[in-house]
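A.B. asks: turn this into a model:
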Amino acid sequence: MPRDWQSLFGDSSGTAEFRRKFHRPTNVESHETVILVFTGIRGRLAVWLNRDSLVEFHRIGDSVEFDVTSQLKEYNELRAEITFDPQAERDVSGGLYGVVALDIRWDEG
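C.D. replies: Residues are numbered from 1 along each chain as shown. Presented below is the predicted three-dimensional model:
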């Protein structure tokens, strides 16, 4: 990631899977939250963290965020599946083409 669908698969439709293993961020304090951020999504996205389903939806465009603070373990695996049909959506690039990141934020609550 990031990569647009057509540069990887041309006009073929299907599902691509991305995996990333990572450690729990260190020094996260009790007043902070860990947010998983996906940017640049075109297609049907399904996301799992440590084999637990986080979300599944169809999206075109910007970004989506999830608070994963309570779900993080010492060692984690993120899995994302993006399904895209370039024949059905000819006027847009598809895929998971933006940044995927963990963002640590000050908890306002």
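A.B. asks: for His31, give its distance to Thr69.
C.D. replies: Separation of His31 from Thr69 (C-beta to C-beta, to the nearest Å): 11 Å. The way it works is simple: take the backbone N, C-alpha and C, and place the C-beta from them, glycine included.
A.B. asks: more neighbours: which of these two?
C.D. replies: Thr69 (17 against 10; other C-beta atoms under 10 Å).
A.B. asks: in this protein, which spans are helices?
C.D. replies: Counting by DSSP state H, the chain has helices at residues 5-9.
A.B. asks: how about low-confidence regions in it?
C.D. replies: Along the chain, the model assigns pLDDT under 70 to residues 1-2, 60, 109.
A.B. asks: same thing but 90
C.D. replies: The model of the chain has pLDDT under 90 over residues 1-4, 6-8, 27, 39-42, 55-64, 87-99, 107-109.
A.B. asks: centre-most residue in it?
C.D. replies: Phe38 (4.3 Å; C-alpha atoms, centre = their mean).
A.B. asks: need the contact list for it.
C.D. replies: Applying C-beta atoms under 8 Å, 6 or more residues apart in numbering, we find Phe38 in contact with 45, 47, 63-65, 80, 96, 98, 100.
A.B. asks: 10 Å instead, please
C.D. replies: Phe38 is in contact with 1, 45, 47, 55, 59, 62-66, 80, 82, 96, 98-101, counting by C-beta atoms under 10 Å, 6 or more residues apart in numbering.
A.B. asks: now do the strands in this protein.
C.D. replies: Along the chain, counting by DSSP state E, strands occupy 14-23, 32-49, 52-67, 75-84, 95-96, 100-106.
A.B. asks: which residues does the shortest one contact?
C.D. replies: Going back to what we said before, that points to strand 95-96. For strand 95-96, the external contacting residues (C-beta under 10 Å, 6+ apart) are 1-9, 16, 18, 38-43, 45, 47, 80-84, 86.
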